[in-house]
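Chemist: Okay, here's the prediction I keep looking at, along with the sequence it came from:
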Amino acid sequence: MRGEEVSHATLRGLPQVQRLLETQRAAALIAQFGRTAVTEALRSTLDHARVQARAGGLVPGAEQLLQTATTMLAARTRPGLRRTINATGVVLHTNLGRAPLAEAAVQAACEVAASYSNLEYDLDTGRRGARTAAVETLLCELTGAEAALAVNNGAAAILLALGSVAAGGEVIVSRGELVEIGGGFRIPDVIRQGGASLAEVGTTNKTRLADYQAAITGATRALLKVHQSNFRTVGFTAEVTIAELAPLARQHGLPLVADLGSGNLHDLPGLHEPTVPHALAEGADLVTFSGDKLLGGPQAGVIAGRKERLDAIRSHPLLRALRLDKMSLAALEATLRLHRDDPQRIPVLHMLAQTDAELESRAAALLAALGLGATIRTEGFAGGGALPEERIASWAVALAVPGLSADELARRLRVGEPAIVGRIVDGHLALDMLTVSDADIPTIAAAVAALR
């Protein structure tokens, strides 16, 4: 027969939607997903089958069509944002959501999400209250600041700080600190969006106190110190510290703003990252930082410092657009309480404090559960734009499944439920114990077993 006749004959072999809906398997799907969704999935599946048939492809049977519709329905109900096991060894992995919340923070967020709350209501007076009062009190206690404010992310914090103190004037920044971080976020752009202009001083590798002094004019509104959070300049270098800049700022009546980024509140053993309390003690008027990095909380931005500067920021017209929602506030408050009472219950700090023996033991436990692979030495990172040069000694399981390349093995684990993300090391998929918990081991073992 001619091609057109073959095509028509092939199409006639496809079952009708109604016939498929009358099958027992379709009835089970209808009970789970509803008749409308199942009907639409079957129609879409048949449409695709017709296209393939016209192109000379094989005609699928009823069971195959129902299986395709089942897969389609399952994909429609699977959430786009879902749980992922981070086996990369990067603790604050930006693409994987940065800091996982402590259980106390999760419970706090769930509680206020499922009920009404006193978000902006003073229970003592029965009048309107301050949205961020609880977290501000804790932030002042933990940092030594006179006042503090929490907004929806770190970029918002620096934007508000500069927009409040420097709008209409100049902000002086070292050339070596004009950084760009993820998503194209650039300090020069933030300064301009805040209504100020940029005055660069020094060179890429060396800036001295005299450079700042020489750049101060009647148009200067602030001095800005930016921590090089996601890179380092090494070799023939020099920079001016907050302690050195503070007297110069006072001499000229200028605010000194420090953007620390990572939100480190403690001197972490073995890690060299500036802390917020130290920056304030050295003389910064305002310090900005993120909530979901070394602070270990939800996405948030914090501004801490002198009360008169924070009072001015509270009246900024952008504040309402950048405020935190109730669930983030609840999670942030719970995280800050843990910083005060029991920091090791914060997952990020716990991961960074793990001993070599703990990591090796966990790698051995995963290897035993998998029944294949080998334990190897690895190096992890804090991530999230913190400690870019600091490598963290760790252990991993180098995994190989017969018949699967490392890339294909990585892909299959990524698309599973839950998703498991590792990294390729020397031609093997490495699952790093720095970011894998004991509770993850049975899940990983089951996912790998399903591939064999």
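Modeler: Everything's here; your move.
Chemist: Once you drop chain neighbours, what's closest to residue 407?
Modeler: Spatial nearest neighbour of residue 407, excluding adjacent residues (CB to CB, 6 or more residues apart in numbering): residue 424 at 7.1 Å. The way it works is simple: take the backbone N, C-alpha and C, and place the C-beta from them, glycine included.
Chemist: and that neighbour, what does it touch?
Modeler: Contact partners of residue 424, counting by CB atoms under 8 Å, 6 or more residues apart in numbering, are 406, 407, 410, 430.
Chemist: Neighbour-wise, which one of the residues you listed leads?
Modeler: Counting neighbours by other CB atoms under 10 Å, the top entry in the contacts of residue 424 is residue 430, with 24 neighbours.
Chemist: Okay, and the beta partners of it?
Modeler: Taking DSSP bridges as the rule, residue 430 bridges to residue 398, residue 423.
Chemist: just for this protein, where's the confidence low?
Modeler: The model of the chain has pLDDT under 70 over residues 1-11, 181-184, 229-236, 385-389.
Chemist: Tell me where the longest helix sits in it.
Modeler: helix 35-54 (DSSP state H).
Chemist: what packs against that one?
Modeler: Contacting helix 35-54 under the criterion 3 or more CB pairs under 8 Å, 6 or more residues apart in numbering; DSSP states H and E are the following elements: helix 3-12, helix 17-21, helix 24-33, helix 62-77.
Chemist: any chance of these in a markdown table, plus mean neighbour count and distance to residue 242?
Modeler: Below are those laid out as a markdown table (neighbours: other CB atoms under 10 Å; distance: least, CB to CB, whole Å):
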| stretch | mean neighbour count | distance to residue 242 |
| --- | --- | --- |
| helix 3-12 | 12 | 75 |
| helix 17-21 | 15 | 70 |
| helix 24-33 | 15 | 59 |
| helix 62-77 | 16 | 51 |
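Chemist: Please identify which of these is closest to residue 201.
Modeler: helix 62-77 (54.3 Å; CB to CB).
Chemist: Show me the contact partners of stretch 241-249.
Modeler: 209, 212-213, 216, 223, 225, 255-256, 258, 279, 282-285.
Chemist: 7 Å instead, please
Modeler: Residues from elsewhere that reach stretch 241-249, judged by CB atoms under 7 Å, 6 or more residues apart in numbering: 209, 212, 213, 223, 225, 255, 256, 258, 279, 282, 283, 284.
Chemist: if I pick the closest residue to residue 128 other than its chain neighbours, what's in contact with it?
Modeler: Spatially, and ignoring its direct neighbours in sequence, residue 128 is nearest to residue 120 (5.8 Å; CB to CB, 6+ apart). By CB under 7 Å, 6+ apart, the residues touching residue 120 are 128, 129, 131.
Chemist: 10 Å instead?
Modeler: Residues in contact with residue 120 (CB atoms under 10 Å, 6 or more residues apart in numbering) are 127, 128, 129, 130, 131, 132, 133, 326.
Chemist: Also residue 264?
Modeler: Counting by CB under 10 Å, 6+ apart, residue 264 has contacts 227, 271, 273-279, 289, 293-295, 349, 382, 386-387.
Chemist: mind checking which helix or strand residue 381 is in?
Modeler: Using DSSP states H and E, residue 381 sits within strand 374-383.
Chemist: in that strand, what counts as buried?
Modeler: For strand 374-383, a neighbour-count test (16 or more other CB atoms under 10 Å) marks 375, 376, 378, 380, 381, 382, 383 as buried.
Chemist: chain center to it, what's the gap?
Modeler: 20 Å (CA atoms, centre = their mean, to the nearest Å).
Chemist: That strand packs against which elements?
Modeler: In terms of contacts (3 or more CB pairs under 10 Å, 6 or more residues apart in numbering; DSSP states H and E), strand 374-383 is packed against strand 90-92, helix 347-352, helix 356-370, strand 386-399, strand 423-425, strand 428-432.
Chemist: Out of those, the one nearest residue 27 is which?
Modeler: The minimum distance between residue 27 and the helices and strands packed on strand 374-383 falls on helix 356-370, with 38.8 Å, by CB to CB.
Chemist: isn't residue 203 right next to residue 177, touching?
Modeler: No - Residue 203 lies out of contact with residue 177 (CB atoms under 10 Å); the separation is 11.6 Å.
Chemist: As CSV, the helices and strands packed on strand 374-383 with distance to residue 107 would be great.
Modeler: Shown next, in CSV, are the helices and strands packed on strand 374-383 (distance: least, CB to CB, whole Å):
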stretch, distance to residue 107
strand 90-92, 22
helix 347-352, 14
helix 356-370, 26
strand 386-399, 26
strand 423-425, 32
strand 428-432, 28
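Chemist: Residue 419 touches residue 440, doesn't it?
Modeler: No - taking contacts as CB under 10 Å, residue 419 lies outside contact range of residue 440: 12.0 Å.
Chemist: shared neighbours of the two, anything?
Modeler: The contact sets of residue 419 and residue 440 overlap at 85, 86 (CB under 10 Å, 6+ apart).
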